[in-house]
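Participant: just need the structure, nothing else, for what follows:
(one chain, ligands or ions: 1)
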Amino acid sequence: MSAPTNLAAMRKGSSQVNGNGARSKPAGASGTGAADAALTNAQLAAIEHQYSAPNYDPLPAVLATGRGVWVQDVEGKKYLDMLAGYSALSFGHQHPRIISAFIKQAQRLTVVSRAFENDQLGLFCKELAEFCGMEQTLPMNTGAEAVETAIKTARKWAYLKKGVPADKAEIICCIGNFHGRTTTIVSMSAVPQYKDNFGPLTPGFRLIPFGDVEALKSAITPNTAAFIVEPIQGEGGINVPPDGYMARCLDICRSNKVLLIADEVQTGFARTGKMFACEHDGMRPDLLVLGKALGGGVFPVSAVVSSREIFSVFKAGDHGSTFGGNPLGAAVGREVLRVLNDERLVERATETGEFLRRRLRAIKSDKIKEVRGKGMLNGIEIRKEAGSAHHYVKELLKLGVLCKDTAGQVIRITPPLVITQPECEWGLERIAQALTSARASKAAT
Ligand code: PMP
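Facilitator: All right, here's what the predicted structure looks like:
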């Protein structure tokens, strides 16, 4: 194995040590966005393809700057962002108050690890718990880490509080779920690609159909610790369950001493026209899993919010994360909560979402099977005969609209919540064009 030699050779090839011992940058890689703009979309994409592991297949726009709902690629082409980083950019790019909170905190204190207290963490935990109508917060960084945290909490609760025999705890999850990419989380997935060749997988999960309360009832056993569910499935295809589903699930869980974990990583923080999608059914879960928008589009911040009683299963040292609860993320999260209220984002998501769906439904195209969603979490399902959703997403990119396909046939339309109706109109015009043009039809066949 000659890896060390090869690595040394690679370092030599990509940068050189100058006379002062400092490394000079390779040509074209100045380290500043502005200077890198000398490289074209195609050149930068080629570099990424060569040096980034091939676990993604990004659409061919090399984005360089963004403000509000607009982004620009390195060649100056402007796009309307109708994806919003899967809700991570719910406040748009460079939200002035969030950026300002971020910079202010970055200049004070950024990371201390949980070995010490910091002056943002306690306030963040308090404000987030109160914001959710709950008692305690367990901060992490990514959505997947928060889901893992909820799973560990539920399992430990089952052993300590419910008396489930050791290593027998079960968690019920739904077909069509997406909760992240860790080995344990993909063990819950029903999508073969997410699991194939990543085994051995984590046991203890039981899949049931989404939206089916009877299936939940019959899947529960004395060893069931929890039911984990997205109130609206995002990656699964913007799947909206029947009205009252979450409330009925909570009743079933309560009568069987099972915890209900709501994964609101994507649906939370006004995305669906309520602060949390569970509120559509007037219910509050036992554990609320949050992420994406909580980081204000600038920093990964996630959390599980729950009761003191449930979190009492943890003692110091059971669980943690070096970066979870860092002062920079906590300060951003605190500002996010204030912006949500001050900018009336729940009301705006409801109003703009209704407008968007009404206008999407008015598009006369035989390619559209259904337009569905709530608030600003919307999907256009494309008929199979009209080709894949990915094809139309590529067409939309050419027209200057960023969005993304999911579950094969669904184009998700999930812009930043701060988008205005005229900006929506700009996108709608192009969506209509992509879904009605003869060119799109031809290419799809
Ligand atoms: N839960 C849900 C509902 C999600 O949509 C996602 C990400 N799409 C995750 C969890 C995982 O979040 P992350 O990518 O930050 O790990």
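Participant: enumerate the residues of the stretch 51-200 of the chain near the ligand.
Facilitator: The stretch 51-200 of the chain comes close to the ligand at residues 86, 142-144, 147, 178-180, as judged by Cβ under 6 Å from any ligand atom. In short, each C-beta sits where N, CA and C put it, glycine included.
Participant: change it to 8 Å
Facilitator: 86-88, 142-147, 177-181, 185 (Cβ under 8 Å from any ligand atom).
Participant: which two from the residues you listed end up farthest apart in space?
Facilitator: Ala88 and Asn177 (19.1 Å; Cβ to Cβ).
Participant: buried ones among the residues of the stretch 51-200 of the chain next to the ligand?
Facilitator: By neighbour count, with 16 or more other Cβ atoms under 10 Å, those hold 86-88, 142-147, 177-180, 185 as buried.
Participant: can you put the residues you listed in TSV and add pLDDT and secondary structure?
Facilitator: What follows is these, written out as TSV (pLDDT from 0 to 100; DSSP: H, G, I helix; E, B strand; the rest coil):
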residue	pLDDT	secondary structure
Tyr86	97	helix
Ser87	97	helix
Ala88	98	coil
Thr142	98	coil
Gly143	98	helix
Ala144	98	helix
Glu145	98	helix
Ala146	98	helix
Val147	99	helix
Asn177	98	coil
Phe178	98	coil
His179	98	coil
Gly180	98	coil
Ile185	98	helix
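Participant: ok, so of those residues, who is nearest the ligand?
Facilitator: Gly143 (2.2 Å; Cβ to the nearest ligand atom).
Participant: residues contacting the closest one?
Facilitator: Gly143 makes contact with 179-180, 263, 265-266, 289, 291-292, 302, according to Cβ atoms under 8 Å, 6 or more residues apart in numbering.
Participant: so where's the protein uncertain?
Facilitator: The model of the chain has pLDDT under 70 over residues 1-37, 438-445.
Participant: quick one, domains of it?
Facilitator: Split into domains by automatic domain parsing, the chain comes to 96-342, 347-444.
Participant: wait, which of those is closest to Ala38?
Facilitator: Shortest separation from Ala38 across those is recorded for domain 347-444, at 22.8 Å, computed as Cβ to Cβ.
Participant: and the closest residue to Lys162 other than its chain neighbours, how far is that from the ligand?
Facilitator: Distances taken as Cβ to Cβ, 6 or more residues apart in numbering put Lys257 closest to Lys162, at 5.7 Å, once the chain neighbours are dropped. Using Cβ to the nearest ligand atom, to the nearest Å, Lys257 is found at 25 Å from the ligand.
Participant: can I take it that Lys257 is in a strand?
Facilitator: No. Counting by DSSP: H, G, I helix; E, B strand; the rest coil, one finds Lys257 to be coil, located in no strand.
Participant: could you dump the domains of the chain to CSV with distance to Tyr79?
Facilitator: Converted to CSV, the domains of the chain look like this (distance: least, Cβ to Cβ, whole Å):
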stretch, distance to Tyr79
domain 96-342, 16
domain 347-444, 5
